[in-house]
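Trainee: Make a model of this:
(one chain, ligands or ions: 1)
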Amino acid sequence: MLCRAPKSLLVVALLALHAPAHADGDAVAGKTVFENQCASCHTVEVGKNGFGPSLAGVSGRKAGTLAGYKYTDAMAHSGLVWDSPTLDSFLASTTVKVPGTAMSVSLGDPVARSNVIAYLATVGGGSNAEPTPKPANAPLGRGPTSAELLHAGADRQNWLYASKDYTGQRYVDLHQITVANAPQLRAQCIYRSNTAGATQTSPLVYDGVMYFTIDQTTVAIDAATCRERWTSSWELKDTPLSKTNRGVALKDGRLIRGTPDGYLIALNMADGSLIWSRKIADPKTSQYLSMPPLVTAMPSFTGRPAPTGVRRTGSARSNSIPVNRSGDST
Ligand code: HEC
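Mentor: The predicted structure follows:
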């Protein structure tokens, strides 16, 4: 049956926690608790905040004091210090412990709490530590290859184009989800973005990673866990006519997308770094990019910029509209 990738951002695990009861907490089991229940909002990397502050070195830290993160007044003035008992009562019910906090979580299982607290004690760093230097740009990956793109219609692991494949038939022959079991579908994980803008994208999946757009931001997450791999934000160079972000195209380690201000850009799929950019539509003459790019065995193509107010034959998710060659110069 047709399996469409989810349209908006979502999810966190409802996995049962089979952690062994352990008075002092089991850090290994706690890592799993963290990944399932906390990682959608927190990292344990120094200097990298998500929706919540980085929890690197949180053990022993004074609450609400990590430089560079904007806490609620409730947290900033709570006067708490994150030792184990304080973390335990906070995680049991955050809004009881710190009324007015922006983190509304209740971890009912005391074993899970003690495990995740044991795990947090292992992730050092501290607010005063130097941020880890940004690694050099990752090498380009190899796929998806021309052959993979040509056979995207039969591919049951990946979703390589907004409308599935070059024919745009959007269908994949999978049988795991049936009318009978559809009511049992449950969210597996949630990705929550720091970008509050529109998400008009059809997410693509390649090799276990999901790629999508939110405004001028491009995001890669683990498709199975929603854990963020990278986000990459395009700095607007022009006032956009419309905040269109119709998704991405993938080929040979490169991700291609149109930006709201009319640029076609290529990012490294491995780390989101910019490879090239080219202006192809001018908001000043009422143009915007109304569809995701289509990459072929040839250089990349995208839909002809749509003048605003003009009704087009193709929609954002159709590849039946005329295409213009628009510069791939790598
Ligand atoms: C839905 C998002 C979300 C989830 C899930 C979440 N948190 Fe938070 N967390 C936040 C936010 C937002 C803050 C900042 C709260 C504020 O300023 O009031 C925060 C703050 C914290 C703090 C205080 C840090 C500091 O620097 O003072 C701790 C500790 C914490 N979270 C631990 C956890 C743990 C452990 C989990 C998983 C069991 C978790 N959080 C799950 C969003 C979340």
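Trainee: all contacts plus neighbour counts: C-alpha atoms, from now on.
Mentor: Fine.
Trainee: Next, see if stretch 186-194 gets close to the ligand.
Mentor: No. Stretch 186-194 is not in contact with the ligand by C-alpha under 6 Å from any ligand atom; minimum separation 7.5 Å.
Trainee: can you give me the end-to-end distance of that stretch?
Mentor: End-to-end distance for stretch 186-194: 24 Å, by C-alpha to C-alpha, to the nearest Å.
Trainee: any idea how far it is from the chain center?
Mentor: 9 Å (C-alpha atoms, centre = their mean, to the nearest Å).
Trainee: So which bits of it are buried?
Mentor: For stretch 186-194, the neighbour count (16 or more other C-alpha atoms under 10 Å) marks Gln188, Cys189, Ile190, Tyr191, Arg192, Ser193 as buried.
Trainee: can you put those residues in JSON lines and add secondary structure?
Mentor: As requested, those are exported to JSON lines (DSSP: H, G, I helix; E, B strand; the rest coil):
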{"residue": "Gln188", "secondary structure": "coil"}
{"residue": "Cys189", "secondary structure": "coil"}
{"residue": "Ile190", "secondary structure": "strand"}
{"residue": "Tyr191", "secondary structure": "coil"}
{"residue": "Arg192", "secondary structure": "coil"}
{"residue": "Ser193", "secondary structure": "coil"}
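Trainee: Residue numbers of this structure in contact with the ligand?
Mentor: So the chain meets the ligand at 34, 37-38, 40-41, 51-53, 63-66, 71-72, 75, 101-103 (C-alpha under 6 Å from any ligand atom).
Trainee: pretty sure Val111 is in a helix, no?
Mentor: Yes. Applying three-state DSSP, one finds Val111 inside a helix.
Trainee: how far away is it from Val33?
Mentor: From Val111 to Val33 the distance is 10 Å (C-alpha to C-alpha).
Trainee: what do you get for Ser202?
Mentor: Distance from Ser202 to Val33, by C-alpha to C-alpha: 30 Å.
Trainee: could you point out where this structure is predicted with low confidence?
Mentor: 1-23, 125-136, 297-330 (pLDDT under 70).
Trainee: residue ranges of the strands in it, please?
Mentor: Here the chain has its strands, by DSSP state E, at 204-206, 209-214, 217-222, 228-233, 248-251, 254-258, 263-268, 274-279, 287-288, 294-295, 300-303, 306-307, 323-325.
Trainee: The fifth one pairs with which strands?
Mentor: The pairing partners recorded for strand 248-251 under DSSP bridges are strand 254-258 (antiparallel).
Trainee: again with the second one
Mentor: Partners of strand 209-214 in the sheet, by DSSP bridges, are strand 204-206 (antiparallel), strand 217-222 (antiparallel).
Trainee: thinking again about what came up before, with distance to Val96 and mean neighbour count added, can I get the strands of the chain in JSON lines?
Mentor: Formatted as JSON lines, these follow (distance: least, C-alpha to C-alpha, whole Å; neighbours: other C-alpha atoms under 10 Å):
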{"stretch": "strand 204-206", "distance to Val96": "40", "mean neighbour count": "22"}
{"stretch": "strand 209-214", "distance to Val96": "33", "mean neighbour count": "24"}
{"stretch": "strand 217-222", "distance to Val96": "32", "mean neighbour count": "21"}
{"stretch": "strand 228-233", "distance to Val96": "29", "mean neighbour count": "17"}
{"stretch": "strand 248-251", "distance to Val96": "42", "mean neighbour count": "26"}
{"stretch": "strand 254-258", "distance to Val96": "44", "mean neighbour count": "27"}
{"stretch": "strand 263-268", "distance to Val96": "44", "mean neighbour count": "22"}
{"stretch": "strand 274-279", "distance to Val96": "44", "mean neighbour count": "16"}
{"stretch": "strand 287-288", "distance to Val96": "48", "mean neighbour count": "24"}
{"stretch": "strand 294-295", "distance to Val96": "51", "mean neighbour count": "21"}
{"stretch": "strand 300-303", "distance to Val96": "52", "mean neighbour count": "23"}
{"stretch": "strand 306-307", "distance to Val96": "52", "mean neighbour count": "17"}
{"stretch": "strand 323-325", "distance to Val96": "57", "mean neighbour count": "13"}
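Trainee: so which of the strands paired with strand 209-214 gets nearest Val295?
Mentor: strand 204-206 (13.1 Å; C-alpha to C-alpha).
Trainee: Now do that closest one: distance to the chain's middle.
Mentor: 12 Å.
Trainee: ditto for stretch 206-222
Mentor: Mean-position distance between stretch 206-222 and its chain equals 5 Å (C-alpha atoms, centre = their mean).
Trainee: Surely Thr195 is in contact with Thr218?
Mentor: No. Taking contacts as C-alpha atoms under 8 Å, Thr195 lies outside contact range of Thr218: 10.1 Å.
Trainee: domains of the chain?
Mentor: When the chain is parsed with automatic domain parsing, its domains come out as 27-122, 146-187+194-325.
Trainee: correct me, but Val205 touches Ala223?
Mentor: Yes. Counting by C-alpha under 8 Å, Val205 does reach Ala223; the two are 7.3 Å apart.
Trainee: How about the contacts made by the closest residue to Arg227 other than its chain neighbours?
Mentor: Leaving aside its chain neighbours, Arg227 sits nearest to Ile221 (5.3 Å; criterion: C-alpha to C-alpha, 6 or more residues apart in numbering). Applying C-alpha atoms under 8 Å, 6 or more residues apart in numbering, we find Ile221 in contact with Val209, Met210, Tyr211, Arg227, Glu228, Arg229, Trp230.
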